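Novice: Return atomic coordinates for the entry below.
(one chain, ligands or ions: 1)
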Amino acid sequence: MNFYITTPIFYVNAQPHLGHAYSTIIADTVSRFQKIAGNDVRFQTGTDEHGDKIAEAAARSNETPREYVDRISRMFRETWPPLHIEPDNFIRTTDANHINTVRSILQKVHDRGDIYFSEYSGLYCKGCERFLTEKELINGNCPDHLTPPEPITEQNYFFRMSKYQEWLIGHIEQNPEFIQPERYRNEVLSFLKEPLEDLCISRPTSRLTWGIPLPFDDKFVTYVWFDALINYLTGIGYPDGPDFARYWQGAEHLIAKDILKPHAIYWPTMLKSLGLEPYRKLHVHGYWNVNDTKMSKSIGNVVRPADLIEECGADSVRYFLLREMSFGLDSSFSDDALINRHNSDLANDLGNLVSRSLTMVKNFCDCKVPPAGAMRDSDRELAAAATGMVAEYRKQMEVFAFHRALREVWKVIAMANRYIVNNAPWELAKEPASRERLDTVLYTLLETLRLITLTLHPVMPATATKMKDALGVESPPDFDSQAQWGRLVPAAAVTPGAPLFPRLKKATPAPAPADNRARQSSQKAARPGRTERGKP
Ligand code: ME8
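Specialist: Below you'll find the model as predicted:
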């Protein structure tokens, strides 16, 4: 099966934060998972570089829009490798081929009669870069940006989105998996109960010049959402490139709920007008909040990925984000929660299991995979749990239930740690008559570790690679050939390495500050070795 996973392309009006990293880590994890499952995968992310917000941000930093977008786009691109994120393509909406494709698509939709010129009055939110309806406002404010939208009356071009309303409702109803999780599908269907308005897709150059000129009227530039959504096509070479034919039918978009409407309503109707099949699925996640408020660059309560990597390592950040949030729901970020997960799940549960098992193989089996003898019930139980885990993990990963997939793995890690205590290999090692039993116990542990490693590759690629190398597994991860029990070959070399996850010191609350300087110094003393962060 072909699989094309995308993240939103992020606005370059501020630097990347943990919210952006979350979406991009998920996409990377899904891409790695689908590859191990034997699929032909393409993963795309990038930056959204036109529109009011960007032009204003460039002006604020005294740069030309071009200098500004180049600088911030580079920051996004450079944020991903240290998080072990490896996209196949990083698209920018200022790329020449993107601009050409947007213009040719506009011309096509115009030629079909789906674009017309008219006057419009509405309430415009600059933060969202779209007109809001009265119904969406909370106390007169945009619910996301907490600021009142501006009343604007303008002549503009409109896309006949309303023409495709009935078709869209039918498509969502006939394809229950089109928008996931279900709560977002229901939200879209309920929104579609009201008549859909046509979409304003231009901005007059008298108000904004930083955009793609309309091919049929150069006094207007393209509305940033009409431009941005098309990235999903340009990135795979629409209309003629081989990658377009190869990947479009496997397109799965990943977004947070803030941009549900453009993706669930504008985008499928644009595709329909173009005569293309809609994407295969839209996956919608919730928000990372800090103290009950959405982490957001406009609010300024952001956490920087680089600070977290410095604190506990990229794999630990990836694990935390995927384990802590139930996909689709909101979650709270806190330093304590991150450190707790790192210490308990990674340093204690996984780290100890790996280091105890490999040390015993080193001490009792001369760093070689021992031969397995006759299995007892407790061995069979662990083997069955480990193979069952791989199957259940795959099921959960396929539906983006990352926290459940990882919970299955950690159940087996806990079981394996208990198995060590119950079988006390160090006691068996004292009795030459127990040699076969000792070998069987250690073989069972190594096989369990091998299967755990297989499941960790998508989520914690660097850790899984270390574990794979320590176990002497040579072939690249692959569910089809490696999910069965008993693939480790006796006498093969095992190479114990350094501990996987050093324990982190927990933050202790600083005493009440006498003044600002006192507070800073007490915090530093209370958090040795860790950086101060979370500043806007
Ligand atoms: O909307 N929690 O760009 P954007 C979780 N350019 N995810 C978060 C988050 C949070 N607190 N904050 C941001 C745009 N995100 C458009 C998209 S796509 C054709 C155009 C993530 O920079 C999440 O993926 O505002 C969200 O949907 C996205 O960043 C919004 O990024």
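
Novice: Now the protein against the ligand: closest residue?
Specialist: When scored by C-beta to the nearest ligand atom, the chain has Gly19 as its residue closest to the ligand, at 2.2 Å. All C-beta atoms are positioned from the backbone trio N, CA, C, and that covers glycine.

Novice: Which strands or helices does the helix or strand hosting that residue pack on?
Specialist: Element membership of Gly19, judged by DSSP states H and E, is helix 18-36. Counting contacts by 3 or more C-beta pairs under 8 Å, 6 or more residues apart in numbering; DSSP states H and E, helix 18-36 packs against strand 2-11, strand 40-48, helix 65-79, strand 251-256, strand 281-285, strand 288-290, helix 305-312, helix 314-324.

Novice: one step back: my guess is the residue of the chain closest to the ligand contacts Ser296. True?
Specialist: Yes - between Gly19 and Ser296 there is a contact under C-beta atoms under 8 Å: 7.1 Å.

Novice: just the helices in the stretch 301-450 of the chain please.
Specialist: Counting by DSSP state H, counting those that start in this stretch, the stretch 301-450 of the chain has helices at residues 305-312, 314-324, 335-341, 352-365, 377-398, 402-423, 425-428, 435-456.

Novice: Mean neighbour count, distance to the ligand and mean pLDDT for the ones you listed - can I get that in a markdown table?
Specialist: Below are these laid out as a markdown table (neighbours: other C-beta atoms under 10 Å; distance: least, C-beta to the nearest ligand atom, whole Å; pLDDT from 0 to 100):
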| stretch | mean neighbour count | distance to the ligand | mean pLDDT |
| --- | --- | --- | --- |
| helix 305-312 | 20 | 12 | 95 |
| helix 314-324 | 24 | 9 | 98 |
| helix 335-341 | 17 | 15 | 96 |
| helix 352-365 | 19 | 31 | 98 |
| helix 377-398 | 18 | 19 | 98 |
| helix 402-423 | 18 | 14 | 98 |
| helix 425-428 | 16 | 45 | 98 |
| helix 435-456 | 23 | 23 | 98 |
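
Novice: is it possible to export the ones you listed to JSON lines including distance to Met467?
Specialist: Formatted as JSON lines, those follow (distance: least, C-beta to C-beta, whole Å):
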{"stretch": "helix 305-312", "distance to Met467": "18"}
{"stretch": "helix 314-324", "distance to Met467": "11"}
{"stretch": "helix 335-341", "distance to Met467": "18"}
{"stretch": "helix 352-365", "distance to Met467": "6"}
{"stretch": "helix 377-398", "distance to Met467": "14"}
{"stretch": "helix 402-423", "distance to Met467": "12"}
{"stretch": "helix 425-428", "distance to Met467": "19"}
{"stretch": "helix 435-456", "distance to Met467": "4"}
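
Novice: Format the CA atom coordinates belonging to stretch 480-493 as CSV.
Specialist: The C-alpha trace of stretch 480-493 is given here as CSV (Å, rounded to 0.1, in the frame of the first residue of the first chain):
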residue,chain,number,x,y,z
ASP,A,480,6.7,-9.4,8.4
SER,A,481,10.0,-11.2,8.9
GLN,A,482,10.8,-10.3,12.5
ALA,A,483,7.5,-10.5,14.5
GLN,A,484,7.7,-14.2,15.1
TRP,A,485,9.2,-15.7,18.3
GLY,A,486,12.6,-17.4,18.2
ARG,A,487,14.6,-15.6,15.6
LEU,A,488,17.8,-14.9,17.6
VAL,A,489,20.4,-17.5,16.7
PRO,A,490,22.3,-19.2,19.6
ALA,A,491,26.0,-18.2,19.8
ALA,A,492,25.5,-14.9,18.0
ALA,A,493,27.3,-12.0,19.7
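
Novice: Show me how far it is from its chain's centre.
Specialist: 31 Å (C-alpha atoms, centre = their mean, to the nearest Å).
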